[in-house]
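Visitor: Need a 3D model of the following:
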Amino acid sequence: MTKLSRRAGGLGESVTLRIDARAKAIAGAGERVIPFGAGEPDFDTPAHIKEAARRALDGRIGTYTPVPGTPALREAAARSFEQAGIPSRAADVIVSCGAKHSLFNALSVLLDDNDEAILPAPYWVSYPSMCEASGARAAVVDTRADGCILTPQALERAISPRTRVLILVSPGNPTGVTHTREQLAALGDVLRRHPQITVVSDEIYRHLAYDGIEAVPFAAACPALAGRTVTVHGLSKSYAMTGWRIGYATGPSDVIAAMIRYQSHTTSNPAAIAQAAALAALTGPMEPVHRMREAFDRRRKLMVARLRAIPGMQLATPTGAFYCFPEISALLGGSTALEFTERLLERERVACVPGEAFGAPENMRLSYACSENDIEEGCARLARFIASR
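Guide: Next up is the predicted model:
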């Protein structure tokens, strides 16, 4: 057997993508699967974005672009950051192959062997692996006792001489929790005393907040720390463009320059046709985004109501993204959340993601980025599965 590197050997596969692949295999065999697993909108990419890609095909689109993206797209991304209250210049923007790629680039240039990145849990599945791939350690902070909000007290306790990065995501995946401006500012008060720490703020769900709550970017809530913050955004979730693979980031000039150098040796530029579509997304009308957010809000309310009607299901109302993250400890009966979700998929053809993948082994994640009919039927199947155990 070929000897793999230590870093490669320590990386596991994405549980969400594994479950999504199993669900799609079952569906491919002709069975109806309820897709509560992967966080992928069921909407089509807005028409004006697809049309921009078609028009680009009539031009000379097949050549390399600059590594960090076309000048027009970097300028549009910088404007979108500025409109959100985040200081940015086109020169300090990098466009990558999805927000995941932007995050990986950022952590790769910020972390060294034996460094630490503070990671509030529940966390998105890929954050720990990204830290490991950089040779660093994820210093996990369990936030469930505080409503999945990172408090300044918990942050202060987690900081060590090796801490170099704090990873934040708001609205959150998997919890749907959104930090307020005041909560972010309180974290900023702590970080001002620790100048060695850079914040990597994942704001892929910023356009998906509900109940009148504003998803405030960290750099906007803590302007004094904007020079120590890498803000990551992308088009996958809000614009229904998961497969187009466009993400972008802004931050300190030296960090962005390092990310550009790093990307130049890995992927070079993102796909030129996807960049043309992304430019149309960032410069075009926001109405399609607003319509999708309104649909997600209706689905959120429906899923919350249906899940709360199931005995033993404990659920706080999510205020952002498109996930519910109920606690199911009362339903496990000695099994794990992984075993629970595997049986649910095999017996009732409902795809969910177990909480172990997010550092919360007593929970599971359900995505409501699917139709209301799917939510009704999926929750009915889930209730039947629980009742029959």
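
Visitor: How many residues are close by Ser238?
Guide: Each residue near Ser238 was counted by other C-beta atoms under 10 Å, and the total is 22. All C-beta spots, glycine's among them, are computed from the backbone N, C-alpha and C.

Visitor: Show the pLDDT at Lys24.
Guide: If you check Lys24, the pLDDT there is 87.

Visitor: gap between it and Phe340?
Guide: Using C-beta to C-beta, to the nearest Å, one obtains 21 Å as the distance from Lys24 to Phe340.

Visitor: For those two, indicate the residue with more neighbours.
Guide: Looking at Lys24 and Phe340 with other C-beta under 10 Å, you find the greater number of neighbours at Phe340, namely 21 against 15.

Visitor: mean confidence for the helix or strand containing Leu187?
Guide: For Leu187, the host element (DSSP states H and E) is helix 181-191. Across helix 181-191, pLDDT averages out at 98.

Visitor: where along the stretch 151-300 of the chain do the strands fall?
Guide: Here the stretch 151-300 of the chain has its strands, by DSSP state E, counting those that start in this stretch, at 163-169, 198-202, 229-234, 247-250.

Visitor: so which of the ones you listed gets nearest Gly10?
Guide: strand 163-169 (18.4 Å; C-beta to C-beta).

Visitor: Can you give the contact residues for that closest one?
Guide: 107, 110-112, 115-120, 123-124, 127, 136, 139, 150, 155, 179, 184, 187, 191, 194, 196-205, 218 (C-beta atoms under 8 Å, 6 or more residues apart in numbering).

Visitor: Narrow these to those in helices?
Guide: When the contacts of strand 163-169 are checked against helices (DSSP state H), the matches are 107, 110, 127, 155, 184, 187, 191, 218.

Visitor: Now the fifth one: closest residue in space, sequence neighbours ignored.
Guide: The spatially closest residue to Leu184, leaving aside those adjacent along the chain, is Ala221, at 3.8 Å (C-beta to C-beta, 6 or more residues apart in numbering).

Visitor: Mind exporting the C-alpha coordinates of the helix or strand of the chain with the lowest mean pLDDT to CSV?
Guide: Lowest by mean pLDDT, DSSP states H and E among the helices and strands of the chain is helix 6-10, with a mean of 75. Only the C-alpha atoms of helix 6-10 are listed here, as CSV (Å, rounded to 0.1, in the frame of the first residue of the first chain):
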residue,chain,number,x,y,z
ARG,A,6,0.5,12.4,7.7
ARG,A,7,-1.9,15.2,6.8
ALA,A,8,-3.6,13.3,4.0
GLY,A,9,-4.0,10.2,6.3
GLY,A,10,-5.7,12.2,9.0
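
Visitor: Give the next helix or strand downstream of it.
Guide: In N-to-C order, the element after helix 6-10 by DSSP H and E is helix 15-28.

Visitor: list the buried ones in that next one?
Guide: Within helix 15-28, the residues that count as buried by 16 or more other C-beta atoms under 10 Å are 15-16, 19-20, 22-23, 26.

Visitor: for stretch 76-84, same thing?
Guide: 76-78, 80-81, 84.

Visitor: Low-confidence bits of this protein, can you list those?
Guide: Within the chain, no stretch has pLDDT under 70.

Visitor: Buried ones in the longest helix along it, by neighbour count?
Guide: Scanning the chain for the longest helix, with DSSP H as the assignment, gives helix 287-308. For helix 287-308, burial by neighbour count (16+ other C-beta under 10 Å) applies to 288-289, 292-293, 295-297, 299-300, 303-304, 306-307.

Visitor: partners of the following helix or strand past that helix in the sheet?
Guide: On the C-terminal side of helix 287-308, the closest following helix or strand by DSSP H and E is strand 323-324. Here strand 323-324 has these sheet partners by DSSP bridges: strand 364-367 (antiparallel).

Visitor: for the helix or strand just after the strand it pairs with, packing partners?
Guide: Downstream of strand 364-367, the first helix or strand assigned by DSSP H and E is helix 372-387. For helix 372-387, the elements it packs on are strand 34-35, helix 287-308, helix 337-348, strand 350-351, judged by 3 or more C-beta pairs under 8 Å, 6 or more residues apart in numbering; DSSP states H and E.

Visitor: Neighbour-wise, give me the winner out of the ones in helices among the contacts of strand 163-169.
Guide: Phe218 (28 neighbours).

Visitor: Quick check: that residue touching Thr198?
Guide: No. Taking C-beta atoms under 8 Å as the definition, Phe218 is not a contact partner of Thr198, at 11.3 Å.

Visitor: who touches both of these two?
Guide: Joint contacts of Phe218 and Thr198 (C-beta under 8 Å, 6+ apart) are Thr229.

Visitor: neighbours around Leu57, how many?
Guide: 10.

Visitor: separation between it and Pro46?
Guide: To Pro46, Leu57 is 18 Å away according to C-beta to C-beta.

Visitor: picking that back up, can you redo the buried residues of stretch 76-84 as a markdown table with secondary structure and distance to Ala257?
Guide: Putting these into a markdown table (DSSP: H, G, I helix; E, B strand; the rest coil; distance: C-beta to C-beta, whole Å) gives the following:
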| residue | secondary structure | distance to Ala257 |
| --- | --- | --- |
| Ala76 | helix | 20 |
| Ala77 | helix | 16 |
| Ala78 | helix | 15 |
| Ser80 | helix | 21 |
| Phe81 | helix | 17 |
| Ala84 | coil | 22 |
